[in-house]
Structure formats: structure tokens, C-alpha cells
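Participant: Pasting the sequence and the predicted coordinates here, then a few questions.
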Amino acid sequence: MSHGGVSAAFDVLAMDGLAVIGTLGFFVPAVILVTVVVVAVVRDRRLAAQEEAAEAAEQARAREALGDYEDIQARRPDRPRTPPTD
């Protein structure tokens, strides 16, 4: 009888081991896939934000350059014209 009890205990242990392997076999790849997707989304958002910031800076430089040109031509009404000091 003791031989049957050992075998049954070993079978339960073997089944528990297979359940752990099966669980890890499912969840580890799922966690890796979710991690890859999250990293890709974060990277994409970061790149998009950098591109938007660069575009906004370029537009600001263009507006400033246009404003300087209009100042030279004395066409900007929002700034008072100062007479020459010669």
C-alpha cells in the first residue's frame, strides 16, 4: 500500500509542476508582448511630442523673423515707430 501512496503523491506533484509550467508558458509571453507594446506606444508618443515641439519652435522662429522684417519695413502697427536719432 505504501507504494501506491507514493505514486499518487508523485502524480499530484507532477501535475502541479505541469500546471506551473503551463501557467508560466501562457503568462510570460503575454507579459513580454504587453511590455513590447507599451514600450512602442511610449516611444511613439515621445517622438511625436518631440516633432511637435520642433515644429512649434520653427513656426515661432519664422514668426519672429517675419516680425523683424516688418519692423525694418516699418509696417508693424503694434510697435510704436521711433524717429531716427540722427
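Facilitator: Here it is on my side, so go on.

Participant: mean confidence score for whatever helix or strand residue 38 lives in?
Facilitator: Assigned by DSSP states H and E, residue 38 belongs to helix 2-72. Averaged across helix 2-72, the pLDDT comes to 81.

Participant: and it, what does it pack onto?
Facilitator: Packed against helix 2-72, as judged by 3 or more CB pairs under 8 Å, 6 or more residues apart in numbering; DSSP states H and E, are no other helices or strands. Heads up, the C-betas are built off the backbone N, CA and C, glycines and all.

Participant: before we move on, what SS does residue 85 have?
Facilitator: Classification of residue 85 using DSSP: H, G, I helix; E, B strand; the rest coil returns coil.

Participant: Compute the number of surrounding residues for it.
Facilitator: 4 (other CB atoms under 10 Å).

Participant: Now for it: which residues touch it?
Facilitator: With CB atoms under 8 Å, 6 or more residues apart in numbering as the criterion, no residue contacts residue 85.
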